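**Q** Would you be able to build a 3D model of this:
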Amino acid sequence: MPLGIAFDIGAYECKAALLRGEEFDAAKLDQEVPLLSVAYVESNGNILVGQKAKPYIESGSDRVVVNAKRRIVEGKKNLPNVPGVTYIDIYVALIKETLETHNKRLLANGDGAIEKIVLTVPSFPEDRSEVIAEMKRAAESIDIGNGKKLSVDLLVEPAGVGIQNLYLLNRENSSDGHCKKHTQIIYDLGHSTLDVALITSYNRDGLSYELHSFRADDETFCEYFDIRIVEEMKRSLSERGYNVENLSRREQAIMFNRARGIKHGLSIDEVCTETIDLDEDYVDFTLTRERFEELISVCLRNSASLVQEALEIAEEKNIHVDEIVLAGGGSKIPFVEKYIKEVAGSVPVRCSLRPVDAVSFGAARYALSRNLTQKSLFTYGIELPGIRGELERRVLPLIPSDTQLPYRTQKLSETQFTCDADGVFRTALYSYAGKFENSPVAEDKCKQVRCMSFESAPNKPVDLFMEIDEEHCVKVFCETSEGDKYVMTSFDAADERARKEK
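**A** Numbers count the residues shown, from 1 in each chain. Modelled structure (predicted):
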């Protein structure tokens, strides 16, 4: 029986889901041994990940790396204070460790080694599409033996939550027939960020999704909750006579680790106590749930505005929202659900089942349904000619989002595109995350990827078509009436001219 396999590499843990039929396979080891997505870089550049890096978490060393995936999406490349090592290197090492861990169990059960996976990525703006493609290429460079490389597909994290919840909805209401379409606002509160996405999940000849809007909040995340708890720790300890002004890096790391323990404990209990090691003096710190809620209330107020914004976007687009779904470790905090319900109005709010696994579970279902068919992440189009300098430019969509890759468009009529009076042809490649339109869309709804120009003869007609390959590289091909051919790709440098093909 085929497996649907997905890895969701988070700030501190990698959630790996292996789906066999309707049930998740016993090879999912998270419950036995947490797969840590923490790394430690040794002085010789060797990268330790997972359990090998665990002893260094409370060391306070700047060679400890957490949340590598998010740092990559933010555009960061090299590790500070660690020459020669990039966040991509850490990301690849974490994938390799997760593959090795799960392959041991699969091979012991008589299964073959993993060859294909879905990797989840945060919702990202169009200007980060090349970074995401770089992450995919790096993962696909992993050697899995016998001359093969790892096959990888990508799925945005809110889509994983949406797909998993659509499956659960169908399972709960199986007697009423299957739901084919379900629109949700996903409130995914993780360790280092909050993502709020308006998304529709479909179950029509396989699983798919449409991402209507998304926003990330860099000021609302569980790490911020940890910071507030640590501030409360220092205030309490200072009142008890302890010097908290000159803490060592190790002591600060211990405090943050204990803060995470308190945060998790208060998701269950009204009071939580942790012991802090301060220069060999062991001190108990106690926090009540009531005080914790006071500490994080300002932060949650900001996040509630994003939910309200998503509801307004849905109303503007005439989209019916079926429910608001809470996911991520932060959704376990009772105050979070209570707070979101206050802004939800009549829209139902619920916490997803096993919220920390919702992304990986949904991604595994997506992998099994699609059999890892490559899909375009965006809609791509070309700027229509003859309108430069006017107030509103138009973009003609040619490659729909969620298109099976590779894909090539038909050649556009030469009457649509011509060189100008100076013999120069100019156009631009655009992308957007919205639904594919059969008619031109306004340029301000799109993100310019690359400009394209070349010199030919005045007023000469130009044939044009586009293609996108399995690396998510978009190419624009032009051919003049003289037979000259030019090409531009989405991976070209911003100022690079179109290349003439021989």
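
**Q** In the longest helix anywhere in the chain, which residues are buried?
**A** Counting residues, the longest helix found in the chain (DSSP state H) is helix 289-316. Applying a neighbour-count criterion of 16 or more other Cβ atoms under 10 Å, one finds 289, 292-293, 295-296, 299-300, 303-304, 306-307, 310-311, 313-314 buried in helix 289-316. From N, CA and C alone the C-beta is placed, and that goes for glycine too.

**Q** For the helix or strand just after that helix, what does the pLDDT average out to?
**A** Once the chain leaves helix 289-316, the next helix or strand it forms, by DSSP states H and E, is strand 323-327. What strand 323-327 shows for mean pLDDT is 94.

**Q** any idea of the angle the next helix or strand after strand 323-327 forms with strand 323-327?
**A** Sequence-wise, the next helix or strand downstream of strand 323-327 (DSSP H and E) is helix 334-344. Calculated by axes from the mean of the first three to the mean of the last three Cα atoms, to 10 degrees, helix 334-344 forms an angle of 160 degrees with strand 323-327.

**Q** Name the residues that touch the very next helix or strand once past helix 334-344?
**A** As assigned by DSSP H and E, the chain's next helix or strand after helix 334-344 is strand 349-351. If you take Cβ atoms under 8 Å, 6 or more residues apart in numbering as the criterion, strand 349-351 is touched by 323, 324, 325, 326, 327, 331, 332, 337, 340, 341.

**Q** burial count for the closest residue to the first one other than its chain neighbours?
**A** Closest residue to residue 323 apart from its sequence neighbours, by Cβ to Cβ, 6 or more residues apart in numbering: residue 348 at 4.5 Å. The number of residues packed near residue 348 is 12, by other Cβ atoms under 10 Å.

**Q** is it true that residue 369 lies in a helix?
**A** Yes - counting by DSSP: H, G, I helix; E, B strand; the rest coil, residue 369 is part of a helix.

**Q** That one against residue 207, yeah?
**A** Yes - using Cβ atoms under 8 Å, residue 369 is in contact with residue 207, at 4.2 Å.

**Q** Neighbour count for the two, which is higher?
**A** Using other Cβ under 10 Å as the criterion, residue 369 and residue 207 rank with residue 207 on top: 22 against 18.

**Q** and the more buried one, what are its bridge partners?
**A** Beta bridges link residue 207 to residue 203, judged by DSSP bridges.

**Q** quick one: contacts for it?
**A** Contacts of residue 207 by Cβ under 8 Å, 6+ apart are 163, 166, 201, 365, 366, 369, 370.

**Q** correct me, but residue 359 touches residue 118?
**A** No - under the criterion of Cβ under 8 Å, residue 359 makes no contact with residue 118, lying 10.4 Å away.

**Q** Which one of these two is surrounded by more residues?
**A** Set residue 359 next to residue 118 and count neighbours by other Cβ under 10 Å: residue 359 wins out with 31 against 25.

**Q** what pLDDT, on average, does the helix or strand that that one is a member of get?
**A** For residue 359, the enclosing helix or strand under DSSP H and E is helix 358-370. For helix 358-370, mean pLDDT is 86.

**Q** What angle do strand 323-327 and that helix make with each other?
**A** Taking the same axes, to 10 degrees, one finds that helix 358-370 is oriented at 110 degrees with respect to strand 323-327.

**Q** Mind listing what's buried along stretch 235-244?
**A** Buried-residue list, stretch 235-244, by 16+ other Cβ under 10 Å: 237, 242, 244.

**Q** From residue 234, how far off is the residue nearest to the second one when sequence neighbours are not counted?
**A** So that's residue 242. The shortest distance from residue 242 to any non-neighbouring residue, by Cβ to Cβ, 6+ apart, is to residue 278 (6.3 Å). Using Cβ to Cβ, to the nearest Å, we find residue 278 at a distance of 11 Å from residue 234.

**Q** next one: residue 85
**A** 32 Å.

**Q** now the stretch 251-400 of the chain, which segments are flagged as low pLDDT?
**A** Filtered on pLDDT under 70, the stretch 251-400 of the chain yields the residue ranges 370-375, 385-392.

**Q** In terms of secondary structure, what does the host helix or strand of residue 196 contact?
**A** For residue 196, the host element (DSSP H and E) is strand 194-203. When contacts are defined as 3 or more Cβ pairs under 8 Å, 6 or more residues apart in numbering; DSSP states H and E, strand 194-203 packs onto helix 157-172, strand 181-189, strand 207-217, helix 289-316.

**Q** May I see the ones you listed organised as JSON lines, with distance to residue 24 added?
**A** Converted to JSON lines, the helices and strands packed on strand 194-203 look like this (distance: least, Cβ to Cβ, whole Å):
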{"stretch": "helix 157-172", "distance to residue 24": "11"}
{"stretch": "strand 181-189", "distance to residue 24": "20"}
{"stretch": "strand 207-217", "distance to residue 24": "16"}
{"stretch": "helix 289-316", "distance to residue 24": "30"}
